[in-house]
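In: Sharing a model prediction with you, sequence too.
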Amino acid sequence: MRIEFDFMAVLSQWPLLATGVAWTLALTAVATVVGMAVGIACAWARSQGPAALRWPVAAYVELVRNTPFIVQLFFIFFGLPAAGLKLSPEAASFIAMVMNLGAYSTEIVRAGIQATPRGQIEAAVSLALSRVQVFTRVVLPPALKKVWPAMVSQIVIVMLGSAVCSQISVQDLSYAANLIQSRNFRAFESFIVATGIYLVLLIALRRLLHWVGPRFLFGR
């Protein structure tokens, strides 16, 4: 039995693939920026915030970290309409990915905060810096530097998880690959091409994040 591969049948559908790449990158970019902001805010709340904030934040983190991402996505897209809140597939995906990364980055950043020497914080307080200034200028930059490799790995995982969003008809890369193979029945070629694109995107993302971090987030 001879099998003939026809990758041109997939590559000829490049507009679909390009749209899929664009949506995958958009989902990842929004989740990264907003999710990290949520994570930093929640890490502050858990480590230095008032007690009234610590319990709700802890509950949010534990809930998200101990449930599957696809369940969170389905709850937002299929469950919330029952409560009167109907979201588009794209909006539901953005919210689910932000919530997911926010919860995981909370614990990553909190680990970095807890590793900050107490004397360093006391020295900053002695200079009459406000609590916000102490956190943003003294605590956060070295904390991010310590945990940045773990944060990069988590962002990569979030990009990989974006493939699940195709289950609610978001036109990301996995959606495009599945649509192409349903049209030309070239499943092997379609998913090999998608795998190659994901690999290139993830390598590029990892290198970009390792370049961005030292230059814009916590200094050299």
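Out: Yep, it's here. Treat the numbers as computed from the prediction; the structure is a model and nothing was measured. Numbers count the residues shown, from 1 in each chain.

In: so the spatially closest residue to residue 164 that is not a sequence neighbour is in which element?
Out: Counting by Cβ to Cβ, 6 or more residues apart in numbering, residue 164 lies nearest to residue 70, which is 5.1 Å off, once chain neighbours are set aside. From N, CA and C alone the C-beta is placed, and that goes for glycine too. Secondary structure here is read from DSSP states H and E; on that basis residue 70 sits in helix 69-74.

In: So which bits of that helix are buried?
Out: Taking 16 or more other Cβ atoms under 10 Å as the neighbour-count basis, helix 69-74 is seen to contain the buried residues 69, 72-74.

In: Check the spacing between the residue nearest to the spatial centre of the chain and residue 31 real quick.
Out: Closest to where the C-alpha atoms of the chain average out (Cα atoms, centre = their mean) is residue 158, at 4.0 Å. Using Cβ to Cβ, to the nearest Å, one obtains 5 Å as the distance from residue 158 to residue 31.

In: Quickly list what's touching both of these two.
Out: Taking Cβ atoms under 8 Å, 6 or more residues apart in numbering as the contact criterion, the common neighbours of residue 158 and residue 31 are 97, 100-101.

In: Going by neighbour count, which of those residues comes out on top?
Out: Taking other Cβ atoms under 10 Å as the neighbour criterion, residue 101 ranks highest of those with 28 neighbours.
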